[in-house]
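Trainee: Return atomic coordinates for the entry below.
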Amino acid sequence: MASAVTVGLHAVDYAVFAAFLVISTGIGLLFAFRGGRQRTNSEFLMGDRKLRTLPVAISIVVSFISGILFLGHPAEMYTRGTQYSMRMFGYALASVLASVLFVPMFFRLKVISSFEYLEARFKSKGVKLVGSITNLVCMLLQMGIVLYAPAVALQAVNGIPLWISIVLTCSVATLYTTLGGMKAVIYTDVFQAFCMVAGMAVIVIQGTIKVGGARKVWELNSRDGRIDFFNMDPDPTVRATFWSTVFGAMCFSLSVFGVGQTTVQRYCALPTLRKAKCSVYLTGLFVVVLFSLVTVVGLVIYAFYADIGCDPLRAKQISSANQLVPYFVSGVLNYPGLSGAYLAVLFGGALSTLSSSLNSAAAIIWQDVLKYFFERLPETRKAIVTKIFVLLFGVAGVGLAFLAKFMGGHVLQAFTTILGTFTGPTLGLFMLGVLFPFANSKGAVVGCLLSTIFSVWIAVGAFVYAPHRTTLPTTIENCNSSGNTGYNGSSTGALREWNAAFDNDSWAPEMTTPSTDEFLESWTTPLNNNNNNNTLPFPLMYLYSISFNLYPIIGLANTLIIGIIVSLLTGGCSSGGKVDPKLLFPVFDRFCCFLPLSIRRRLRCGVEYNDNNNNNDNNGDDDNDGDYDGHVQKLNHEVVDRRHENDFVCCFWNKDDEFCDKDDLKSKMSTGFLSKKSANSSSYSSPVELRFLRQIEDAAL
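Mentor: Okay, here's the model as predicted:
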């Protein structure tokens, strides 16, 4: 291992990084003095619900990721291959499901905090507090970690003390979030997303040129077993398979895109439902593009070192796979300004996640806790109170970042792993309320808490009894006697600087795999190893060896199963009164039309949905959203004899439905009843009404 030396950057690197920070702060200052100047909570937290679709979609993506992605994901591709990258398709599927299940409901409720739904649905502030406080704690802990990771990287390249980096980063994010509110966060995210994509694209292009072309990159990775997208092994203890990566990521990101505070707050800030749904659809597309780009970065880096025959990790040039990208950028792509651009990539991810978390945490604390105590305050004072909490959360983030510094690598892994176990139970809490009308507050609280405890137990057990890590083979046959890669096209001085910066004695033990996914993945491998885990009973060892990708699914399933059982045992439909149809998704009527009406009525606890009032985006006619609900209800009463629309549709699936009179509908069609209604512009003249009548006519025919 090389000895420590003074680390420096080119002057242009400092200029690039400084410009990045100045522009990020300047955007916040711009929105601080535009419009209403963030004087009300409506503007500060929701942008007056007048945001634009594309910036919101980009902001959702970059708040979902962090700079840690640009360290850990390429390292995953380098050491274990591409199977893990299939998670991006799980993210894309989740964006579609979120648009169908959650976006219409949350948008029509006009919520600020997503946890307001839990109070309305379960008629219990306790359920809301369980969800909001848990989410708030996790958000704060995440802020500390995403602050710490890029700060360590900055210390590695130029020797700036860790505390200066942490305070500087948090100060910038807190400043523009406090001054500019939601609009500043959104448009700063857009700028930072551009920096991230541009920086990683430069690495891909220049790295590919260094290797000798895209075909050679693919051939080298394919030759050494890095290309593996479809491992269809059903064994849940296999670390990464097609099933666990796609469906595990889908469950995890459905919690983020569907019910996560940062996402709900953003799409509810758009002016129309069509735009809200479009923003979430675009999020899935952007995630696929971004993850594809970062995947290629890992493949390019592997191809380069495989081609020269010297793995810097095995050669002890670096002490952790997470150091591969900065080592490659400084040692191989040693162009003036590129190291500064890569720092901007890392800090862009950190600032976007941090600012989004600050704004969302303030929304939670105000809407779910403080609102009841300060209801009589003027709007300007309410906004001031919210801004004060943004500042307080920023200070808390700094403290937690310093706490992460002193916790050490293994404790930090366990700490972040436990955070990852909350996504499944949290999603289960919302899905219990959305899909099951008979679920009550007792079932929700018990299901969520027991599921969380179980998930934490598995995570801690997997950490304590971790199987050995398994990685794909590499070569060091062409490394020289000093352990250097022997690459003549790079700056040996830069190599020494990065090597010293990443020296194991300086900071690597504190920086071991900082992301949630990376923490989890490192110790969830199959059982066939020579570890001393034979002291545990086989069922426990099997449980602890389940892939980390499946943790969100386990948490979701446990919450639903326990919540349903407890709800039925404590009264079910009769325990909480009738549920507002606006708070439910008619899953039994949509997907169980083959069931008799009597069974479906029991499953929905007597709730009569107006489907168009709940989960129909009106085919995008956003201008008529408010009137459409009333038109549909009127037409349901007059045209289909007050029958519920789902029953009307289901009667064509179930001929035995006692309320389904298909002959009567055909009779009305033959007498021109519906056609006359459609043509009678004096009674129903709007395009919305006419389109609905035509749909009924088509169905009856």
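Trainee: Only C-alpha atoms from now on, for both contacts and neighbour counts.
Mentor: Will do.
Trainee: who's in contact with Ser95?
Mentor: 253-254, 257-258, 280-281, 283-284 (CA atoms under 8 Å, 6 or more residues apart in numbering).
Trainee: repeat for Cys195
Mentor: 341, 344-345, 348.
Trainee: re the thing from before, by neighbours, which of the contacts of Ser95 wins?
Mentor: Val280 (32 neighbours; other CA atoms under 10 Å).
Trainee: For the closest residue to that residue other than its chain neighbours, give its distance to Leu556.
Mentor: Using CA to CA, 6 or more residues apart in numbering and skipping the chain neighbours, the partner closest in space to Val280 is Ser95 (5.7 Å). In this view, Ser95 and Leu556 are 17 Å apart by CA to CA, to the nearest Å.
Trainee: Quick one: buried ones out of the contacts of Cys195?
Mentor: 341, 344-345, 348 (16 or more other CA atoms under 10 Å).
Trainee: Relative to Ala321, which of these is nearest.
Mentor: Nearest to Ala321 among the buried ones among the contacts of Cys195 is Val345, at 18.2 Å by CA to CA.
Trainee: Am I right that that closest one is in contact with Ala201?
Mentor: No - counting by CA atoms under 8 Å, Ala201 is not a contact partner of Val345; they are 11.0 Å apart.
Trainee: Out of the contacts of Cys195, which is nearest to Thr426?
Mentor: For these, the nearest to Thr426 is Gly348 (27.6 Å; CA to CA).
Trainee: Could you say which helix or strand holds the closest one?
Mentor: Per DSSP states H and E, Gly348 falls inside helix 338-368.
Trainee: Buried residues in the helix or strand following that helix, which are they?
Mentor: Sequence-wise, the next helix or strand downstream of helix 338-368 (DSSP H and E) is helix 379-407. Neighbour-count burial for helix 379-407, with 16+ other CA under 10 Å as criterion, is recorded at 382-387, 389-391, 393-398, 400-402, 404-405.
Trainee: leaving aside the residues next to it on the chain, what's closest to the residue nearest to the spatial centre of the chain?
Mentor: Taking CA atoms, centre = their mean, the centroid of the chain lies closest to Val256, which sits 3.8 Å from it. Spatially, and ignoring its direct neighbours in sequence, Val256 is nearest to Thr263 (6.8 Å; CA to CA, 6+ apart).
Trainee: can you give me the mean pLDDT across the longest helix along the chain?
Mentor: In the chain, taking DSSP state H as the definition, the longest helix is helix 162-211. Here helix 162-211 scores 89 as its mean pLDDT.
Trainee: Next secondary structure element downstream of it?
Mentor: Note on helix 162-211: by DSSP H and E, the next helix or strand toward the C-terminus is helix 214-223.
Trainee: May I have that next one as PDB, with CA atoms only?
Mentor: Coordinates of each C-alpha in helix 214-223 appear next as PDB, following Å, rounded to 0.1, in the frame of the first residue of the first chain:
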ATOM      1  CA  ALA A 214     -17.600  -0.400 -27.400                       C
ATOM      2  CA  ARG A 215     -17.300  -3.800 -29.000                       C
ATOM      3  CA  LYS A 216     -14.100  -4.500 -27.100                       C
ATOM      4  CA  VAL A 217     -15.700  -3.400 -23.900                       C
ATOM      5  CA  TRP A 218     -18.500  -5.900 -24.400                       C
ATOM      6  CA  GLU A 219     -16.200  -8.700 -25.500                       C
ATOM      7  CA  LEU A 220     -14.000  -8.400 -22.400                       C
ATOM      8  CA  ASN A 221     -16.900  -8.300 -20.000                       C
ATOM      9  CA  SER A 222     -18.600 -11.200 -21.800                       C
ATOM     10  CA  ARG A 223     -15.400 -13.200 -21.800                       C
END
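Trainee: ok, and for it, which residues are buried?
Mentor: Across helix 214-223, burial judged by 16+ other CA under 10 Å covers 214, 216-218, 220-221.
Trainee: for whichever helix or strand comes after it, which positions count as buried?
Mentor: Later in the chain than helix 214-223, the nearest helix or strand by DSSP H and E is helix 242-254. Residues of helix 242-254 classed as buried: 242-254 (neighbour count, 16+ other CA under 10 Å).
Trainee: Who are the packing partners of helix 242-254?
Mentor: helix 87-101, helix 423-435, helix 551-569 (3 or more CA pairs under 8 Å, 6 or more residues apart in numbering; DSSP states H and E).
Trainee: and the angle for it with helix 423-435?
Mentor: 70 degrees (axes from the mean of the first three to the mean of the last three CA atoms, to 10 degrees).
Trainee: Can you give the contact residues for helix 242-254?
Mentor: For helix 242-254, contacts defined as CA under 8 Å, 6+ apart pick out 83-95, 97-98, 229-234, 236, 423-424, 427, 547, 549-553, 556.
Trainee: one step back: for the contacts of Ser95, which one is nearest Val579?
Mentor: Taking the contacts of Ser95 together and measuring to Val579 by CA to CA, the closest member is Gly258, at 21.0 Å.
Trainee: And for whichever strand or helix holds Ile458, what's in contact with it?
Mentor: Using DSSP H and E, Ile458 sits within helix 441-464. Helix 441-464 has contacts (CA under 8 Å, 6+ apart) with 122-124, 127, 130, 414, 417-418, 421-422, 425-426, 428-429, 432-433, 523-524, 543-545, 551, 554-556, 558-567, 570, 576.
Trainee: JSON lines for the contacts of Cys195, including pLDDT and distance to Ser357?
Mentor: Below are the contacts of Cys195 laid out as JSON lines (pLDDT from 0 to 100; distance: CA to CA, whole Å):
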{"residue": "Ala341", "pLDDT": "86", "distance to Ser357": "24"}
{"residue": "Ala344", "pLDDT": "85", "distance to Ser357": "19"}
{"residue": "Val345", "pLDDT": "86", "distance to Ser357": "18"}
{"residue": "Gly348", "pLDDT": "85", "distance to Ser357": "14"}
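Trainee: circling back to that earlier point, max pairwise distance over the buried ones among the contacts of Cys195: which two?
Mentor: Farthest apart among the buried ones among the contacts of Cys195 by CA to CA are Ala341 and Gly348. That separation is 10.0 Å.
Trainee: Pipe the buried residues of helix 242-254 into JSON lines and attach pLDDT and distance to Ala19 per row.
Mentor: Formatted as JSON lines, the buried residues of helix 242-254 follow (pLDDT from 0 to 100; distance: CA to CA, whole Å):
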{"residue": "Phe242", "pLDDT": "94", "distance to Ala19": "42"}
{"residue": "Trp243", "pLDDT": "94", "distance to Ala19": "43"}
{"residue": "Ser244", "pLDDT": "91", "distance to Ala19": "41"}
{"residue": "Thr245", "pLDDT": "92", "distance to Ala19": "38"}
{"residue": "Val246", "pLDDT": "94", "distance to Ala19": "38"}
{"residue": "Phe247", "pLDDT": "94", "distance to Ala19": "40"}
{"residue": "Gly248", "pLDDT": "90", "distance to Ala19": "39"}
{"residue": "Ala249", "pLDDT": "89", "distance to Ala19": "35"}
{"residue": "Met250", "pLDDT": "93", "distance to Ala19": "37"}
{"residue": "Cys251", "pLDDT": "91", "distance to Ala19": "38"}
{"residue": "Phe252", "pLDDT": "88", "distance to Ala19": "35"}
{"residue": "Ser253", "pLDDT": "89", "distance to Ala19": "33"}
{"residue": "Leu254", "pLDDT": "92", "distance to Ala19": "36"}
